[in-house]
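Q: Kindly return the folded structure for what I paste below:
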Amino acid sequence: MNVYSEILHCSLINIPFTYLGLPIGGNPSRCSFWELVLLKVRKKLSVWKGSNLSFAERVCLIKSVISAIPLFFLSFFKAPIGVCKEITKLQRTFLWGWGAEGRKIAWTSWENICKAKEEGGLGIRSIELFNKALLAKWLWRLGSQESGLWKDVLESKYGQWGTMISYAPNRKGYTSRWWSDLAKASVSDQGANWFNQNLGWKVGSGEKIKFWEDEWLTNGQLKTRYERLYNNSKLKDKYIGSCGSWTMEGWEWKFSWRRD
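A: Model prediction:
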């Protein structure tokens, strides 16, 4: 490596290294990976800011500054539960009287604080849910963006995004921690795929939407509505465009069944 670095006139770096402000090659599942983010949040919460600001001003500071500091990290890495709890703890302590003497009382649960104003909350973001939403945005971009080098590289390495949004926690084959975390972002704690359940499709040419598995009609997936037909179909994984063809009379469906 030293020989080639001299030939190419480049320097050697060790893993992990920082690229565009993000640590590359580290383990985001470890709390130590996020220590830099936590340090920045603590620095913003100086004692005088908490003791000299009103309650409304502290809410504004949490929304505009504190929630924005870890934004870059949260949009790319899945934060461990411990990190989310630590950031939430710093926000909660700051809101109810950071820097004041004695222990302040929290007049309501943090879950209520994170609700929208229309629902009686203060509209402060839940770090854990915000993290999932930012990761799920990558899923949305992979599905909605027609082309791009970044998309081609990911799909050539890991496969089509339709496979990823059908992710089950016990599935194997994900060689990248980031790709695995991205797939898990669409699954709720109860195991339901909230991303897929709230996703609608426009058929277009029918070359990207699966006939049975994708929700391209208003009443849900066809495999759920017609389970017996789905079980007997030979075209379970086929796209809509493969289930028929254009004739002089218009579109004609062509299905194939395991029995009459």
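
Q: can we go C-alpha only for contacts and neighbour counts from here?
A: Fine.

Q: Walk me through the domains of this structure.
A: 2-125, 128-199, 202-260 (automatic domain parsing).

Q: for the record, mean pLDDT for the longest one?
A: Domain 2-125 shows a mean pLDDT of 83 in the predicted model.

Q: Strands along the chain, start to end?
A: 17-19, 22-24, 244-247, 250-253 (DSSP state E).

Q: so what strands line up beside the second one?
A: Its sheet considered, strand 22-24 pairs with strand 17-19 (antiparallel) by DSSP bridges.

Q: Now do the buried residues in the strand it pairs with.
A: For strand 17-19, the buried set under the neighbour-count rule, 16 or more other Cα atoms under 10 Å, is empty.

Q: Got phi/psi on the residue lying closest to Lys202 once chain neighbours are set aside?
A: Nearest residue to Lys202, sequence neighbours excluded (Cα to Cα, 6 or more residues apart in numbering): Trp216, at 6.5 Å. Main-chain torsions, Trp216, degrees, to the nearest 10: phi -100, psi 0.

Q: And for Trp216, the neighbour number?
A: 19 (other Cα atoms under 10 Å).

Q: Read off the pLDDT value for Lys234.
A: Predicted confidence (pLDDT) for Lys234: 90.

Q: for the one 4 residues further on, same thing?
A: With respect to pLDDT, Lys238 scores 88.

Q: repeat for Ser166
A: In this model, Ser166 is scored at 54, pLDDT.

Q: Where does pLDDT dip in the stretch 151-260 of the chain?
A: The stretch 151-260 of the chain contains residues with pLDDT under 70 at 159-175, 191.

Q: Helices of that one, residue ranges please.
A: Under the criterion DSSP state H, counting those that start in this stretch, helices of the stretch 151-260 of the chain are mapped to 161-164, 177-184, 194-197, 222-225, 227-232.

Q: Confirm for me that Lys151 is in contact with Gly143.
A: No - at 9.4 Å, Lys151 does not count as touching Gly143 under the criterion of Cα atoms under 8 Å.

Q: tell me, how many neighbours does Ile62 end up with?
A: 20.

Q: May I ask you to confirm that it is in contact with Ile124?
A: Yes - between Ile62 and Ile124 a contact is recorded at 7.4 Å, counting by Cα under 8 Å.

Q: re earlier: of all the strands of the chain, which lies closest to Gln190?
A: strand 22-24 (31.0 Å; Cα to Cα).
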